[in-house]
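1. sequence and predicted structure, then a few things I'm wondering about:
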Amino acid sequence: MKSRNRAVSAVLALFVGLVAVPGVAAADPTDWGTTATFNTYERSLSDIGKLMKDHTVVALQEVKIPSGRPFRKIDCDTVDPVGTQKLPVYRYKYQREYFYVTILDQRRNTGKHLGIATKADPELIPRCVIVPPSRNGRLFRAAFGLKFSEGFIWTMHATPGQDQFSLEDVRTKVTQVNTHSTAADGTPVPWLLLGDMNIETSAVPSLPAGVIYRSGQPTHSRSELDWGVASAAQPPGYRAWRCVKIAQSDHHPVEFHDGAERTASCKG
């Protein structure tokens, strides 16, 4: 059954750039597989190990930077100014399997750090890119993404407080992600932007690119703030699912795949 799933995944990937098979590890450890987004509310990163059991990649917001030394550092391309920034990678173990968390430190603006958790060692992932905040100011934040063999996965945490700022931030990030999701030679590749958008999709009249995927359920208090945008429509059945709360966060994780039901870790 696994070999059949992998064969179907490989064929579909040629057409859509994103295939998710819940609970089945991707044949290539740098493929997207089943993804999720989670605002950790600055809880311990080791607490997300349960999510990593069923997810190849998890976009993280409000990450608490660990006190110990990072496992390694990776180079991440910066867009403005053009250059390179070193990002720390921390390694954790859950039920005998390692996972890795790459962190973008944002102490210079909001202090709300971003992370991307992966089953693959980020050293094996071909590209990392940071896009700058939408505008200058304390509330505005950068975003970053990792390029997997099927395309980019990005994490963002939109400006809070007022829908007009959150909407501006999300729209700007979508434009940036659509522009900078490229291979090393500049060829555009598929992308998936996940995060705490701090705005409900009902207040988003349109986006400059992409297709919204949402669970349709509240993810923070009574609001649905955690959702994703894909560069193009995904395979039939692809959707977002709200997960049970974990790690005492005030947000629900949200997972994305084309399976018939939530993964085991999403169900709790």
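-> It's in. Numbers count the residues shown, from 1 in each chain.
2. going forward, measure contacts between C-alpha atoms and count neighbours the same way
-> OK.
3. let me know the secondary structure of the closest residue to residue 143 other than its chain neighbours.
-> For residue 143, ignoring the flanking residues on the chain, the nearest one in space by Cα to Cα, 6 or more residues apart in numbering is residue 156 at 4.9 Å. When classified by DSSP: H, G, I helix; E, B strand; the rest coil, residue 156 comes out as strand.
4. I figured residue 156 hits residue 177, correct?
-> No: between residue 156 and residue 177 no contact is recorded; they are 10.4 Å apart, counting by Cα atoms under 8 Å.
5. which residues are in contact with each of these two?
-> Both residue 156 and residue 177 are contacted by residue 193, under the criterion Cα atoms under 8 Å, 6 or more residues apart in numbering.
6. what pairs with residue 88 across the strands?
-> residue 73 (DSSP bridges).
7. dump the residue contacts of it.
-> So residue 88 contacts 70, 71, 72, 73, 74, 102, 103, 104 (Cα under 8 Å, 6+ apart).
8. my guess is the third one meets residue 86, correct?
-> The one in question is residue 72. No: Residue 72 lies out of contact with residue 86 (Cα under 8 Å); the separation is 9.7 Å.
9. and for the closest residue to residue 72 other than its chain neighbours, the neighbour number?
-> Spatial nearest neighbour of residue 72, chain neighbours left out: residue 89 (5.3 Å); criterion: Cα to Cα, 6+ apart. As a burial measure, residue 89 scores 22 neighbours (other Cα atoms under 10 Å).
10. what's the answer for the one 3 residues further on, then?
-> Using other Cα under 10 Å, residue 92 is surrounded by 17 other residues.
11. cool, the one 5 residues further on as well?
-> A total of 11 residues lie near residue 97 under the criterion other Cα under 10 Å.
12. quick revisit: is the residue nearest to residue 143 bridged to anything, and to what?
-> According to DSSP bridges, beta-bridge pairing links residue 156 with residue 195.
13. what residues does it make contact with?
-> 61, 114, 141, 142, 143, 144, 193, 194, 195, 196, 197.
14. which of those has the most neighbours?
-> Top of the contacts of residue 156 by neighbour count (other Cα under 10 Å): residue 194, with 30 neighbours.
15. check whether that one really touches residue 59, as I assumed.
-> Yes: at 6.3 Å, residue 194 and residue 59 qualify as touching, with contact defined as Cα under 8 Å.
16. which one of the contacts of residue 156 is nearest residue 168?
-> Minimum distance to residue 168 across these is 10.7 Å, recorded for residue 197 (Cα to Cα).
17. which residues does the closest residue to that closest one other than its chain neighbours contact?
-> Counting by Cα to Cα, 6+ apart, residue 197 lies nearest to residue 158, which is 4.8 Å off, once chain neighbours are set aside. For residue 158, the contact set (Cα under 8 Å, 6+ apart) comprises 140, 141, 166, 169, 170, 195, 196, 197, 198.
18. and if you look at residue 177?
-> 131, 154, 191, 193.
19. for residue 267, same thing?
-> 243, 244.
20. what are the phi and psi values for it?
-> phi -70, psi -30 (degrees, to the nearest 10).
21. can you tell me how far it is from residue 51?
-> Separation of residue 267 from residue 51 (Cα to Cα, to the nearest Å) stands at 10 Å.
22. swap in residue 248?
-> With Cα to Cα as the criterion, residue 248 and residue 51 are 14 Å apart.
23. which of the two has more neighbours?
-> A side-by-side neighbour count of residue 248 and residue 51, using other Cα under 10 Å, places residue 51 first with 26 against 12.
24. what pLDDT does the nearest residue to the more buried one once chain neighbours are set aside get?
-> With sequence-adjacent residues excluded and distances taken as Cα to Cα, 6+ apart, residue 51 is closest to residue 265, at 5.6 Å. pLDDT recorded at residue 265 is 94.
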